[in-house]
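Q: Coordinates for the following, if possible.
(chains A, B, C and D)
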There are 2 protein chains.
Amino acid sequence: MALSDYERPSVTTDVVIFTLQDEDLQVLLIRRKHPPFEGMWATPGGFVNVDESLEEAALRELEEETGVRDVYLEQLYTFGAVDRDPRGRVITVAYFALIPAPDIDPRAGSDAAETRWWSIYDLPPLAFDHDAILSYALERLRYKLEYSAVGFELLPETFTLSELQAAYEIVLGEALDKRNFRRKILRADVIEETGDYRTGEGRPARLYRFRDDAVAEVKARRLFP
Amino acid sequence: MALSDYERPSVTTDVVIFTLQDEDLQVLLIRRKHPPFEGMWATPGGFVNVDESLEEAALRELEEETGVRDVYLEQLYTFGAVDRDPRGRVITVAYFALIPAPDIDPRAGSDAAETRWWSIYDLPPLAFDHDAILSYALERLRYKLEYSAVGFELLPETFTLSELQAAYEIVLGEALDKRNFRRKILRADVIEETGDYRTGEGRPARLYRFRDDAVAEVKARRLFP
DNA sequence: ACAAAAGTGTTGAGAGTACACCCATGC
DNA sequence: GCATGGGTGTACTCTCAACACTTTTGT
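A: Coordinates of the predicted model:
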């Protein structure tokens, strides 16, 4: 049985790139300047070369569009409906990336008329099945935020507890109690003081950093014992 | 940009098929009768046709090997390392399936010299990266068991609480407290009595069934409030 | 002095965990 | 009547959730 006996689908990766900006959770989208879906918006993505892994392809897309490397990247899901691309059979392996706000440097991609950030809560018309990809990415991000420490990937290296809490509130879409938040995160032992303070209006705030050696997954509450 | 401008990888689905049998968690494997990895064991899988979705391909593989339909099937992960298949670039979308013990009917597949069940805890040498696929599948199954109700998919339609507890113990690989298990599962309100009893040695046991309308996900304990 | 944001404790409710004996049936 | 598996309750600990005032700085 030779591999060449089969008609092959095309394989792409799409990367949902999240960041926090303007007190909002935003994603990077590219306006398509060719049919199909001309003028609609899409997540950065492209074909997987035969000599690169899926993750390498996703990282390449990410760097092409944002210039960033070494960011959080996680495989999300593989979308493979027969008719998801009218040009032919295209299977896409979706990833999501989290980048800290200051590292932003969007660039116009080769097949894009325009590249910009959009609020995840207020999206333009999307090409292909990218609405499903984005809503699943948001669901996964919220879920992971609740039982792991991915939230730090959206913040700069040092941050105040108020900034951290605001990040969680933006992503989760709900207000959190300040005292409970602080007690819980400090007890989780995943951050440490830098010793510095951030000044501004009001009382200066202690700065913290994420502890790289922290064990940041918490056991889920079991439905069954 | 035409789709044909790109050299395409091949795409397969592999299905990790779990069942409970002989007080053990088992997976269905096929002995390869052609190179590469001739004589080693592999999960059922095959190429995705251009006119079927990924899930349809996985269901087709599942039915070809076991004859079962309408079982629990969930996408696991997509494995896309460049060198995972020595014959060329093959990306595989892995699924896992849970089937109740009585529905077992393994059949010899076209490219298999032998098909049989193996304990997930005592596996033969595996082809490709199927050891990684199986260990990830077990991890995911255990994880889902703890916060959802997938465990019922491994049992027949009616079951006793002792049978349910034994299923959980086999999958999780640890003993559970009988009183706590019963209290928690009954309070979760996901099963109901059928009114019948199973007789045998000892006192007859109440039979239960899964409530289809049950809300079977429990909120994970949050790391952060 | 006042505006603005940082920081700090307690209490009540619910869930988890550990643990040992009686019950109903078949033989 | 005894062997076998089914079925039951309580006490302690820990985590969660709700809730308001004081502290430190800049202007």
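
Q: A:R179: neighbour count?
A: 9 (other C-beta atoms under 10 Å in any protein chain shown). Bear in mind the C-beta positions are built from the backbone N, C-alpha and C, glycine included.

Q: State the mean pLDDT of the helix or strand it falls within.
A: Using DSSP states H and E, A:R179 sits within helix A:178-188. Averaging pLDDT along helix A:178-188 gives 93.

Q: For that helix, C-alpha coordinates in PDB please.
A: The C-alpha trace of helix A:178-188 is given here as PDB (Å, rounded to 0.1, in the frame of the first residue of the first chain):
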ATOM      1  CA  LYS A 178     -10.400  41.100  45.600                       C
ATOM      2  CA  ARG A 179      -9.700  39.500  49.000                       C
ATOM      3  CA  ASN A 180     -10.600  36.100  47.900                       C
ATOM      4  CA  PHE A 181      -8.600  36.500  44.700                       C
ATOM      5  CA  ARG A 182      -5.500  37.600  46.600                       C
ATOM      6  CA  ARG A 183      -5.700  35.000  49.200                       C
ATOM      7  CA  LYS A 184      -6.200  32.200  46.800                       C
ATOM      8  CA  ILE A 185      -3.500  33.200  44.400                       C
ATOM      9  CA  LEU A 186      -0.900  33.800  47.100                       C
ATOM     10  CA  ARG A 187      -1.700  30.400  48.700                       C
ATOM     11  CA  ALA A 188      -1.300  28.700  45.300                       C
END
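
Q: is DNA strand D contacted by it?
A: Yes: shown here: helix A:178-188 in contact with DNA strand D (C-beta under 7 Å from any atom of the strand) through A:178-180, A:184.

Q: Kindly report the same for stretch A:151-165.
A: No: using C-beta under 7 Å from any atom of the strand, stretch A:151-165 never reaches DNA strand D; the gap is at least 12.0 Å.

Q: next one: stretch A:185-204 to chain centre, how far?
A: With C-alpha atoms, centre = their mean, to the nearest Å as the basis, stretch A:185-204 stands 25 Å off its chain's centre.

Q: Buried residues, that stretch. List them.
A: For stretch A:185-204, burial by neighbour count (16 or more other C-beta atoms under 10 Å in any protein chain shown) applies to A:185, A:190-191.

Q: If you count residues, where's the longest helix of chain A?
A: Counting residues, the longest helix found in chain A (DSSP state H) is helix A:130-147.

Q: Counting by contacts, list what the helix or strand that it is followed by packs against.
A: The first helix or strand that comes after helix A:130-147 along the chain, using DSSP H and E, is strand A:158-159. Applying 3 or more C-beta pairs under 8 Å, 6 or more residues apart in numbering or on different chains; DSSP states H and E, one finds that strand A:158-159 contacts strand A:205-210.

Q: send the alpha carbons of stretch A:89-104 over as PDB?
A: Taking C-alpha atoms only, stretch A:89-104 is exported to PDB below (Å, rounded to 0.1, in the frame of the first residue of the first chain):
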ATOM      1  CA  ARG A  89     -10.900  19.600   1.000                       C
ATOM      2  CA  VAL A  90      -9.000  21.500   3.600                       C
ATOM      3  CA  ILE A  91      -8.400  20.200   7.100                       C
ATOM      4  CA  THR A  92      -7.200  22.700   9.600                       C
ATOM      5  CA  VAL A  93      -5.400  22.100  12.800                       C
ATOM      6  CA  ALA A  94      -6.200  25.100  15.000                       C
ATOM      7  CA  TYR A  95      -3.900  26.400  17.700                       C
ATOM      8  CA  PHE A  96      -4.200  29.200  20.200                       C
ATOM      9  CA  ALA A  97      -1.500  31.500  21.300                       C
ATOM     10  CA  LEU A  98      -1.300  33.900  24.300                       C
ATOM     11  CA  ILE A  99       1.000  36.900  23.900                       C
ATOM     12  CA  PRO A 100       1.700  39.700  26.500                       C
ATOM     13  CA  ALA A 101       0.300  43.100  25.400                       C
ATOM     14  CA  PRO A 102       3.700  44.900  25.000                       C
ATOM     15  CA  ASP A 103       5.000  42.500  22.400                       C
ATOM     16  CA  ILE A 104       2.500  43.500  19.800                       C
END
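
Q: near chain B, anything from that stretch?
A: Yes: for a cut-off given as C-beta under 8 Å from any C-beta of the partner chain, stretch A:89-104 has contacts with chain B, namely A:89-91, A:93.

Q: sec struct for A:I30, please.
A: Per DSSP: H, G, I helix; E, B strand; the rest coil, the local secondary structure of A:I30 is strand.

Q: Now for the closest residue to A:R140 other than its chain neighbours: which residues touch it?
A: Excluding its sequence neighbours, the residue lying closest to A:R140 (C-beta to C-beta, 6 or more residues apart in numbering or on different chains) is A:L76, at 6.1 Å. Residues counted as contacts of A:L76 (C-beta atoms under 8 Å, 6 or more residues apart in numbering or on different chains) are A:16, A:94-96, A:133, A:136-137, A:140.

Q: Out of those, the closest to DNA strand C would be?
A: A:R140 (23.6 Å; C-beta to the nearest atom of the strand).

Q: hang on, isn't that closest one packed against A:L98?
A: No: with contact defined as C-beta atoms under 8 Å, A:R140 and A:L98 do not form a contacting pair (11.2 Å).
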